[in-house]
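Colleague: My questions concern the predicted model and sequence given below.
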Amino acid sequence: MLSPTATYTSDGFTQEFHPGDGPHTTDGSTTQISDIVLNAGGEDRDKPSAPNDTPMGELRAALTTLQDQINVFLTDRMRAEKENDTDDIERKVLDEGVEEDSESE
């Protein structure tokens, strides 16, 4: 069976994603309801069923793994950009005496 892949490209940067050999499930780590909701007694009513032992079921599970990989990558990338933005603001404040509030206007 062929395995799904995904490619992220932005500003000359490219990242390839491959779900690997598995095992794969449809219970993705990044597609569940939040821990905050679960800890408050919430219930995941949209929890997916287990994959069937068929080519389509295996593809569905591999896609869930691929989605988790992409979600983790994008979350890490957003955090890094946010940290860089904060570092840039701090650098401007320290180096140039620019006030932080003037940046947001």
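Modeller: Looks like it arrived, so ask away.
Colleague: name the element Asp68 belongs to?
Modeller: Assessed by DSSP states H and E, Asp68 sits inside helix 55-96.
Colleague: In space, what's closest to the most centrally placed residue in the chain - neighbours in sequence excluded?
Modeller: Within the chain, the residue whose C-alpha comes closest to the C-alpha centroid is Asn71; the distance, by Cα atoms, centre = their mean, is 1.6 Å. Taking Cβ to Cβ, 6 or more residues apart in numbering as the measure, Asn71 lies nearest to Thr30, with 3.8 Å between them; neighbours along the chain are not counted. To be clear about C-beta, it is placed using only N, CA and C from the backbone, and glycine gets the same treatment.
Colleague: thought that neighbour was touching Leu66?
Modeller: No. Using Cβ atoms under 8 Å, Thr30 and Leu66 do not qualify as a contacting pair, with a distance of 11.1 Å.
Colleague: re earlier: what separation is there between the residue nearest to Asn71 and Thr9?
Modeller: Relative to Thr9, Thr30 is positioned 21 Å away (Cβ to Cβ, to the nearest Å).
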